[in-house]
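In: pasted the sequence and its predicted model underneath.
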Amino acid sequence: MAWRSKSPVQVEAKPSTFSQLLPLLILLVFLGGAAFVGYHIYLSVVQIRDSTEKRMAKKNVVFTKDGLKVGVKHVEQENYVDATQSWVVKAWNLGSSAPAPVKRR
């Protein structure tokens with residue numbers, strides 16, 4: 001093996017620009033896909049929330065910062081006050097009309 005040199009000269013190949021940028025491109029594609037999926041999930045949640053609020057508003061239920069407020073449909077204030085006052089009056093009358101205690105000797 002006399003024809004080979006004793007110290008082979010190796011030429012180091014520089015990586016190409018494309019092979020250097022490939023990991024960055026893969027990362028950007030992955031982040032873009034994740035952002036796309038996240039955005040569509042956000043749109044779906046907002047749409048579901050809005051449709052739920054509309055359905056609940058039809059049933060006279062409203063979400064506020066303080067919590068949930070439930071309204072009463074088709075009850076006028078005067079009728080409501082009359083009904084509650086009549087119960088109070090009935091309770092008062094029943095409570096005050098109790099027979100006097102009987103004293104035993």
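Out: On my side now, so go ahead.
In: which helices and strands does the secondary structure element (helix or strand) that Leu24 belongs to pack with?
Out: Assessed by DSSP states H and E, Leu24 sits inside helix 17-58. Applying 3 or more C-beta pairs under 8 Å, 6 or more residues apart in numbering; DSSP states H and E, one finds that helix 17-58 contacts strand 61-63. In this view, the C-beta of every residue, glycine as well, is placed from N, C-alpha and C.
In: pull up the pairing partners for the strand it packs on, direction included.
Out: strand 68-70 (antiparallel) (DSSP bridges).
In: could I get whichever helix or strand comes after the strand it pairs with in PDB with only the CA atoms?
Out: Following strand 68-70 in sequence order, the next helix or strand is helix 77-96 (DSSP H and E). As requested, C-alpha coordinates have been extracted for helix 77-96 and formatted as PDB (Å, rounded to 0.1, in the frame of the first residue of the first chain):
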ATOM      1  CA  GLN A  77     -94.800  44.500  40.600                       C
ATOM      2  CA  GLU A  78     -98.200  45.200  42.100                       C
ATOM      3  CA  ASN A  79     -99.400  41.600  41.900                       C
ATOM      4  CA  TYR A  80     -96.200  40.400  43.400                       C
ATOM      5  CA  VAL A  81     -96.500  42.800  46.400                       C
ATOM      6  CA  ASP A  82    -100.100  42.000  46.900                       C
ATOM      7  CA  ALA A  83     -99.400  38.200  47.000                       C
ATOM      8  CA  THR A  84     -96.500  38.500  49.400                       C
ATOM      9  CA  GLN A  85     -98.400  41.000  51.700                       C
ATOM     10  CA  SER A  86    -101.400  38.700  51.800                       C
ATOM     11  CA  TRP A  87     -99.200  35.800  53.100                       C
ATOM     12  CA  VAL A  88     -97.800  38.100  55.700                       C
ATOM     13  CA  VAL A  89    -101.200  39.300  56.800                       C
ATOM     14  CA  LYS A  90    -102.500  35.700  57.000                       C
ATOM     15  CA  ALA A  91     -99.600  34.600  59.100                       C
ATOM     16  CA  TRP A  92    -100.000  37.700  61.400                       C
ATOM     17  CA  ASN A  93    -103.700  37.000  61.800                       C
ATOM     18  CA  LEU A  94    -103.200  33.300  62.500                       C
ATOM     19  CA  GLY A  95    -100.400  34.100  65.000                       C
ATOM     20  CA  SER A  96    -102.400  36.800  66.900                       C
END
